[in-house]
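[1] need coordinates for the below:
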Amino acid sequence: MNDLELLQEYNRAGSDAAFAELVRRHLNLVYSAALRHVGISAHAEEIAQAVFIILARKAAGLRPGTVLAAWLHETTRLTARHFQRGERRRQIREQEAYMQSTLNQAEPPAWDQLKPLLDDALAHLGKKDREAVVLRFQGEKTLGEVAAVLNVSEAAAQSRVHRALEKLRTWLGKRGVTLTAAAISGALYANSAQAAPAGLAQTISAVAAAKGVAAGTSTLTLTKGALKIMAWTKMKTAVLVGVGVLLAAGSATVAVKAVNAARTRSALAMMQGNWEGALSIDQVQLRLVLRMFETNGTYQATIDSVDQGAKNIPVSGLRAGADSLHLELPALDGVYQAALNGDRTEMSGTWTQLKHAFPLTLKRTTEADQVAEPMTADQYAPKPDSDLQGAWEGTLKVGSMGFRLNLRIAEPAEGTFQAQMDSVDQGARDMPVTAVTYQRPAVHFEMAAIHGVFEGSVNRRADQMSGTWTQFGKSLPLTFQRAKADAQAAGDEGKDYGQGLRTQVQGHWRGALDLNKAVLHLVIHIAQLADGSYSATMDSPDQGATGIPATLAEFTYPNLRLEWNGFAGVYDGRLENGRLAGTWHQGATTFPLKLERSAAE
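    Numbering: from 1, shown residues only. Okay, the predicted model is just below:
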């Protein structure tokens, strides 16, 4: 019986034998991962016992297709993290528990470097790559067995393992560990799985199968804490989606509030310039650049989210002391509070958004990373010797909602690709695609900033890519069709914004939503098309979002209705005396919204 069949037997009949077999198969993997974190066998045994209690409690809720070895590895990492948060365990960690070994085995140099970072490195891999590595090296399975578990061909399994090793090599290299993929493979094969102490399997099987009823107090406390961390990890995924929607945007520069307090002015004068750091949210690193500058005697600030293609997001609250900085982005529900070091070259603090806090350190720099410029139509114009180069369009179905995606791929040299993608209905423009690989017909691309991966194949005519989009462990079908290169680059051609007549709804309109804690400025552009119908786009400058197209634009004088399905927004307005007055609906909330005509942007 395979792992999922054994779990089904345990869930259906409460079979102790089935659960004991699962413990036997995976105990060495769990124990080894725990030992790498805490370095002491007794603590690793406690963690292993807690992990299998968690398995027993959550077995009924595991989804079909779950790779149990990978699930257990991630649960062990989270449980060990909770274990180390106690003061007693913290002291052990400070004493470099990673380098202690109760097995007294001589380890090769590569393993000495790899061991302290291995589990965090694996956590940064995509779900499919992590499953392949865990099965191959920690589960000690052959490539054929890996292929069988993952339901792919042996060649595909080998390719996945190789790709994962290359990603590990790159991730480790950024942290000062320079190893070849072959060296990493050898070290993993020789060292990552260690035998658990004799008798531990029997103890764990008895306690875990009873879901912890007979476990000691410390193990139950650890189990409860680890379950909370697992729930928080899922919540952080939701937070990251929120950050992605709020920060992944196009270009917008908006004047910020003037700061006139003498103390703040003096402090900000010392902080002018560019500051750069990375916000770590679960498995994603988002590079942020804070720019502070003076214009006409007032200090202003903007933020770029480099990996999301978001540029010049305005800061609307800015205060500073001699050694501290406080900035606010009310429209994003974001706050950053930081303290500066002695020479004012680094600030460390907390980024808080949507009621969740993340550490963030920014360092002064004269060469800040830049948001990539949008690709031009000439760069990605189709060419006969490239299956991928060109513009592609697809719609990602998430429940009852559809998110339109525009993908642009260039192949400047054979086998070398550059790509950007728009999430049209969310106002996310020119998001960088960080990796594209193609081995006809298989195509694979990744977007590290949103932890998204597409795997699919190109048809014979090279005008369709069909496959799966995976993000935060959830997979959805996605098909891209070729589009005209100039269509995605097209601007306002063929759109009539009117002459500003009092009875015309066409034009550029400005207004603001009063959200109690924040004011959200909106700019709506309404055009009439050649066939008499209407189109509309919206900018949310306080969020850095531009050009979000309405999915519905209807006008029958004097009534206007605009809809944005991507975020469930609706505006019902009435045109009177050259002004629009109406109501903004989003979800279960409504706000009055008045719009005044403005000049074209």
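[2] every contact and neighbour count from this point should use C-alpha atoms.
    OK.
[3] and the strands in the stretch 501-601 of the chain, which stretches?
    507-514, 519-528, 534-540, 545-549, 552-556, 559-564, 569-576, 579-586, 589-598 (DSSP state E, counting those that start in this stretch).
[4] which of the ones you listed is buried the deepest?
    Among those, strand 545-549 has the highest mean neighbour count (mean count of other Cα atoms under 10 Å), at a mean of 24.
[5] what lines up beside that one in the sheet?
    Sheet partners assigned to strand 545-549 using DSSP bridges are listed as strand 534-540 (antiparallel).
[6] what is the mean pLDDT for the strand it pairs with?
    The average of the pLDDT scores along strand 534-540 is 91.
[7] then that strand to CSV, C-alphas only?
    What follows is strand 534-540, C-alpha atoms only, in CSV (Å, rounded to 0.1, in the frame of the first residue of the first chain):
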residue,chain,number,x,y,z
TYR,A,534,-17.9,52.7,-23.6
SER,A,535,-14.7,51.6,-21.9
ALA,A,536,-13.2,52.7,-18.6
THR,A,537,-10.0,52.3,-16.6
MET,A,538,-9.2,53.2,-13.1
ASP,A,539,-6.0,54.5,-11.3
SER,A,540,-5.6,54.2,-7.6
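[8] in JSON lines, list the strands of the stretch 501-601 of the chain along with distance to Leu125.
    Below are the strands of the stretch 501-601 of the chain laid out as JSON lines (distance: least, Cα to Cα, whole Å):
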{"stretch": "strand 507-514", "distance to Leu125": "40"}
{"stretch": "strand 519-528", "distance to Leu125": "37"}
{"stretch": "strand 534-540", "distance to Leu125": "34"}
{"stretch": "strand 545-549", "distance to Leu125": "29"}
{"stretch": "strand 552-556", "distance to Leu125": "39"}
{"stretch": "strand 559-564", "distance to Leu125": "34"}
{"stretch": "strand 569-576", "distance to Leu125": "35"}
{"stretch": "strand 579-586", "distance to Leu125": "36"}
{"stretch": "strand 589-598", "distance to Leu125": "39"}
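[9] would you mind saying which of these lies nearest Ala413?
    Nearest to Ala413, of all the strands of the stretch 501-601 of the chain, is strand 545-549, at 32.0 Å by Cα to Cα.
[10] what's the offset of that closest one from the middle of its chain?
    21 Å (Cα atoms, centre = their mean, to the nearest Å).
[11] next: stretch 312-319.
    Chain-centre distance of stretch 312-319: 23 Å, with Cα atoms, centre = their mean.
[12] do the same with stretch 366-373
    Worked out by Cα atoms, centre = their mean, stretch 366-373 lies 20 Å from the chain centre.
[13] give me the average confidence score over it.
    85.
[14] buried set for it?
    Neighbour counts over stretch 366-373 (16 or more other Cα atoms under 10 Å) mark Ala368, Asp369, Val371, Ala372 as buried.
[15] same deal with stretch 173-188?
    Thr178, Leu179, Thr180, Ala181, Ala183, Ile184, Ser185, Gly186, Ala187, Leu188.
[16] adding secondary structure, write those out as a markdown table.
    Supplementary listing: the buried residues of stretch 173-188 in a markdown table, determined by DSSP: H, G, I helix; E, B strand; the rest coil:
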| residue | secondary structure |
| --- | --- |
| Thr178 | coil |
| Leu179 | coil |
| Thr180 | coil |
| Ala181 | helix |
| Ala183 | helix |
| Ile184 | helix |
| Ser185 | helix |
| Gly186 | helix |
| Ala187 | helix |
| Leu188 | helix |
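[17] kind regards, and thank you for your time.
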